[in-house]
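Undergrad: I'd like to go over a predicted model; first the sequence, then the structure.
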Amino acid sequence: MNARHVISRRTLLWAGCLVSCAAVCAGADGPSRNFVSCPIVRDTASVPCWLSEYDGELYYLTIQSDVTSPVTPPWLGHRVLVEGTVSAEPRICGGIVLKPVHLSVMPEPDASCNTMLPAEERYNLTFEPPRPPGPSKGRLAFDNAPPPARPSPAALPSTKEFLVPYDFDALVGFNHARVLTDVLEFARAVNAREIEIVGYRGAARLSNGQLMLEESDVGKRRAEQLAALLQGANLKSPSYKVTWQDESARATGADDYAIRRAVVTVHAGGAAR
Amino acid sequence: MTKWQSTLLAVWLSAVFVAAAPPLTTSTTSWWGPGQGTPLPEFATYDNEQGQLGVLNTSGQLDTKGHPFFEAIGTNGRACVTCHQPSDGMSLSVRSIRERWTATAGKDPLFAAVDGMNCPNLPPDEPRSHSQLLDRGLFRIALPWPPQRADGTRIDPEFTVEVVRDPGGCNTDPRYGLNSATPTISVYRRPRPVANTKYTTHQNFGVGPFIGKNGMPSATDPETGKPTSMNLMSDARAATLAIQADDAAKNHLQIAGTLSAAQIARITEFERQVYVAQVARRDAGSLVEPDGPPAFGPRNLAADDAGVLGNNTTRYVFPLGAKWSHLPRTNDETENARNASRESIARGHDVFMFRTFWIRDSMHLNSVGLGNPVKRTCATCHGMHMTGMDTANGWMDIGTTNLPWATEVPLNPWTEAKPQMPLFRVTCKPGVRPHPFLGRVIYTQDPGRALISGLCNDVGTIVMEQFRGLAARAPYFSNGSAATLRELVDFYDRRYNIGYSELEKQDLVNFLGAL
């Protein structure tokens, strides 16, 4: 963890209170487990599963599937920020199940994160994974729903908000092509006159009380990058209003991932609708 | 000096001393010279070391006389067909290159200084000046640095580039190099097959306004405004066949001015209807019998759907079926040998499709939601039905050009071998995230897509190529570093610690050679 993640003792105490609150607030959903650690990959007779250790306990994060998975596996060679909730489900691959869980790969390489465990009979999956380790059976793992019917231009709202979520400290990546396409298609359909983009900076309150702050200018970078990408996709006629906000103080240890976002609001134009 | 270079030098010296003698003629009958004027049949076959290649023109026999693909429309005597030979799967094998050198004492326009030499500043007609082309089948690709957008504006790259090693001399040359008045980086790459292009230019699965690997805007077709698959060239710098034709005419044919609209239309019309694939193997016999597997031959390629994801058990990447998996044995030894070869091809297909291994630290595969490592198969990346390409935006780094995996000459006191490829040191700028698998400083023989995008994460990424006509167009990989299909398989085995058995390797080689 680098210097900007180091915080004062007083802040830690305050953070500890918040963490306790967050754990209680989590209530029936189980306590939260927010930590940064090395991921571990354990092979099975089918797809491998992803685990991580925290405070002497092994947690199950996810299994390998495909690009449609809502939780994508972390990377060996990097630590991972885990923001999860302890589930009552039986252990998977030997780990306590965190569900829901949000994973953010830490950008700096860490060669110490290199643990690959062989398959063991006792840890084999007790359920059919959404996707085998090789070719699929003809469909993507989590992409079963048919696309919604395209509304007629007259039925489109005059203003629409699009939420762009981010991993910790991250900008646009592979998983943003879909939402960017949605923004682009809507803006074109309504002949957008203005696009407002607000980029947010967040933080992650860890279970040990530490507060991990995102980079100070990440909200600005998120907003400016989204504007540049939309313009780069030839959406040049609307005016762009680009702002950013620091909401890192909102981090409580519960759903902190939701703070790390940008919001794109498209305002419809005139006649072309 | 390699053995091949020594041989070439001897040939060159012989040619010099017999300059008064009649010009040598080609040693093969399949070479297609510019302005040859003979028609290209509706269906032609060409022998190669592994069997026979089929070339299909779905529009019927083509009159090549006056056709801009087949005429020397530039200033250096080349035509498009010079580097896209029908006999070589519409690409160009190093074998054909060497035969042309021998036949013409290096005078063929193929060896033009602009890119057929390691650098135009070298003495012409000497084999060592053309070593990249003669040894590995590589042409010089000169790219502006920093990169430029399609509209000509400059991109501010995320990294700096230093020349560490420059055996060709071009990157450090005061006229042609990185520090010249027009800063240029020279890399050396194989020509891609100009065939089966409905697959390389499709508008189907994975094609969208934003690139599924990094969320950046896709390159669009300036004529239609639609996003493209960006699968045409090794660095995806040309979005359409028309742009590629224009780029090639300018940079490889040295055309005076630009191609006319009519010329571009005729070139691209030809490219959209020509299909190539192996149709026979010496050991396995015909690959295109009427009831044979639908994976093989150019007619099946022409008939099937483009841009379909085949990494599944419904469409398959290469639909072989089960027919060749278990074939009968009889008293006919010839037939038994043929059937054994066909079974090997079928096993090779199964290795390609179902043999899992750990894919690790490969940019734009492990970084796109699958995790690092991911336990998958060859078909994970090579997933497009009928071609084995990625369906769209198919640039990845598997280590063919980036160190530590790229093939390098082992330097030691007991060898005279010298490094052949240039080496660049790429440093991601402060404020830019380091490359997730290679760090902030990367050594590479060819920065690949990054020379176009300016992105650190693209360093050494190369658009994967279609698997068709492989037997006709060795060597392999964009930098020609695998001389044979066996070397190609060995590279993957080493890179990913797969641990293929000898049988698995041979089966894979036979399978790939049948495509």
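TA: Alright, I've got the coordinates.
Undergrad: mind listing what the residue lying closest to residue B:119 once chain neighbours are set aside touches?
TA: Closest residue to residue B:119 apart from its sequence neighbours, by CB to CB, 6 or more residues apart in numbering or on different chains: residue B:170 at 3.5 Å. Glycine gets a C-beta too; all of them are placed from N, C-alpha and C. Residue B:170 makes contacts with B:118-121, B:140, B:142, B:176-177, B:186, as judged by CB atoms under 8 Å, 6 or more residues apart in numbering or on different chains.
Undergrad: hmm, 6 Å instead?
TA: Shown in contact with residue B:170 (CB atoms under 6 Å, 6 or more residues apart in numbering or on different chains): B:119, B:176, B:186.
Undergrad: How about residue A:114?
TA: With CB under 6 Å, 6+ apart, residue A:114 has these contacts: residue A:76.
Undergrad: Can you read off the pLDDT for it?
TA: Per-residue confidence (pLDDT) for residue A:114: 98.
Undergrad: where's it relative to residue B:360, distance?
TA: Going from residue A:114 to residue B:360 by CB to CB, to the nearest Å gives 10 Å.
Undergrad: just residue A:45 next, same as before
TA: 20 Å.
Undergrad: Equivalent analysis for residue B:34, please.
TA: Distance, residue B:34 to residue B:360, by CB to CB: 46 Å.
Undergrad: and if you look at residue A:223?
TA: 35 Å.
Undergrad: Could you do residue B:274 as well?
TA: Counting by CB to CB - residue B:274 and residue B:360 are separated by 38 Å.
Undergrad: Residue A:83 too?
TA: Noted for residue A:83: a distance of 25 Å to residue B:360, by CB to CB.
Undergrad: okay, these two: which has more neighbours?
TA: Higher neighbour count among residue A:83 and residue B:360: residue A:83, with 25 against 20, using other CB atoms under 10 Å in any protein chain shown.
Undergrad: And the next helix or strand past the longest strand anywhere in chain A?
TA: The strand spanning the most residues in chain A, taking DSSP state E as the definition, is strand A:96-109. With elements assigned by DSSP states H and E, the helix or strand that comes after strand A:96-109 is strand A:115-117.
Undergrad: what separates that next one from the chain centre, distance-wise?
TA: Here the centre of strand A:115-117 is set off from its chain's centre by 24 Å, with CA atoms, centre = their mean, to the nearest Å.
Undergrad: The residue nearest to residue B:204 when sequence neighbours are not counted and residue B:370, how far apart?
TA: Once flanking residues are discounted, residue B:204 sits nearest to residue B:307: 2.6 Å by CB to CB, 6+ apart. Relative to residue B:370, residue B:307 is positioned 21 Å away (CB to CB).
Undergrad: How about residue B:109?
TA: For residue B:109, the distance to residue B:370 - CB to CB - is 46 Å.
Undergrad: what residues does the stretch 101-250 of chain A put near chain B?
TA: Residues of the stretch 101-250 of chain A lying close to chain B by CB under 6 Å from any CB of the partner chain are A:107, A:109, A:133-138, A:172-174, A:176-177, A:180-181, A:184, A:229, A:232-233.
Undergrad: Any of these buried? List them.
TA: A:109, A:133-136, A:172-174, A:176-177, A:180-181, A:184, A:229, A:232-233 (16 or more other CB atoms under 10 Å in any protein chain shown).
Undergrad: Would you map the helices across chain A?
TA: Here chain A has its helices, by DSSP state H, at A:9-26, A:177-189, A:218-232.
Undergrad: which residues touch residue 110?
TA: Just so you know, I chose chain A. A:78-79.
Undergrad: Chain B was what I was after
TA: Contacts of residue B:110 (CB under 6 Å, 6+ apart): B:82, B:100, B:116.
Undergrad: Name the nearest residue to the first one, sequence neighbours excluded.
TA: Looking back up the chat, that one is residue B:82. residue B:110 (5.4 Å).
Undergrad: Helix, strand, or coil at that neighbour?
TA: helix (DSSP: H, G, I helix; E, B strand; the rest coil).
Undergrad: for residue B:492, same thing?
TA: When classified by three-state DSSP, residue B:492 comes out as helix.
Undergrad: Just give me the neighbour total for it.
TA: Residue B:492 has 19 neighbouring residues, counting by other CB under 10 Å.
Undergrad: In contact with it, which residues?
TA: Neighbour list for residue B:492: empty [criterion: CB under 6 Å, 6+ apart].
Undergrad: swap the cut-off to 7 Å and go again
TA: Counting by CB atoms under 7 Å, 6 or more residues apart in numbering or on different chains, residue B:492 makes contact with residue B:498.
Undergrad: ok, it to residue B:276 distance?
TA: Relative to residue B:276, residue B:492 is positioned 24 Å away (CB to CB).
Undergrad: got any ranges where chain A has weak pLDDT?
TA: A:1-28, A:143-148, A:271-273 (pLDDT under 70).
Undergrad: Disregarding flanking residues, what is the spatial nearest neighbour of the residue positioned nearest the centre of chain A?
TA: By CA atoms, centre = their mean, chain A has its centre lying nearest to residue A:167, at 4.4 Å. Once flanking residues are discounted, residue A:167 sits nearest to residue A:104: 3.9 Å by CB to CB, 6+ apart.
Undergrad: Would you confirm that that neighbour contacts residue A:81?
TA: Yes: counting by CB atoms under 7 Å, residue A:104 does reach residue A:81; the two are 4.1 Å apart.
Undergrad: so what sits against both of these two?
TA: Common contacts of residue A:104 and residue A:81 (CB under 7 Å, 6+ apart): residue A:168.
Undergrad: Number of residues surrounding the residue in the stretch 351-500 of chain B that chain A sits nearest to?
TA: Nearest residue of the stretch 351-500 of chain B to chain A: residue B:371, at 2.8 Å (CB to the nearest CB). Neighbour count for residue B:371, taken as other CB under 10 Å: 29.
Undergrad: which phi and psi does it have?
TA: Main-chain dihedrals, residue B:371, degrees, to the nearest 10: phi 90, psi 160.
Undergrad: Just give the closest residue to residue B:230, not the sequence neighbours.
TA: residue B:236 (4.1 Å).
Undergrad: Could you tell me which residues make contact with whatever residue of the stretch 51-200 of chain A ends up closest to chain B?
TA: Residue of the stretch 51-200 of chain A nearest chain B, by CB to the nearest CB: residue A:73 (2.8 Å). By CB under 7 Å, 6+ apart, the contact list for residue A:73 reads A:50, A:62, A:64, B:370-371.
Undergrad: Return the residues of the stretch 201-350 of chain B in contact with chain A.
TA: Proximity of the stretch 201-350 of chain B to chain A is confined to B:208-217, B:311-314 under the rule CB under 7 Å from any CB of the partner chain.
Undergrad: contacting residues for the residue of the stretch 351-500 of chain B closest to chain A?
TA: Residues in contact with residue B:371 (CB under 7 Å, 6+ apart) are A:50, A:64, A:72-75.
Undergrad: again, 10 Å this time
TA: A:39, A:41, A:47-48, A:50, A:61-65, A:69, A:72-76, A:103, A:105, B:359-360 (CB atoms under 10 Å, 6 or more residues apart in numbering or on different chains).
Undergrad: pLDDT score assigned to it?
TA: For residue B:371, the model assigns a pLDDT of 97.
Undergrad: and it, how far is that from residue A:63?
TA: Applying CB to CB, the value for residue B:371 to residue A:63 is 9 Å.
Undergrad: which neighbours do these two share?
TA: A:47-48, A:50, A:69, A:73.
Undergrad: Which ones among those residues lie within strands?
TA: Secondary structure defined by DSSP E assigns residue A:50 of the shared contacts of residue B:371 and residue A:63 to strands.
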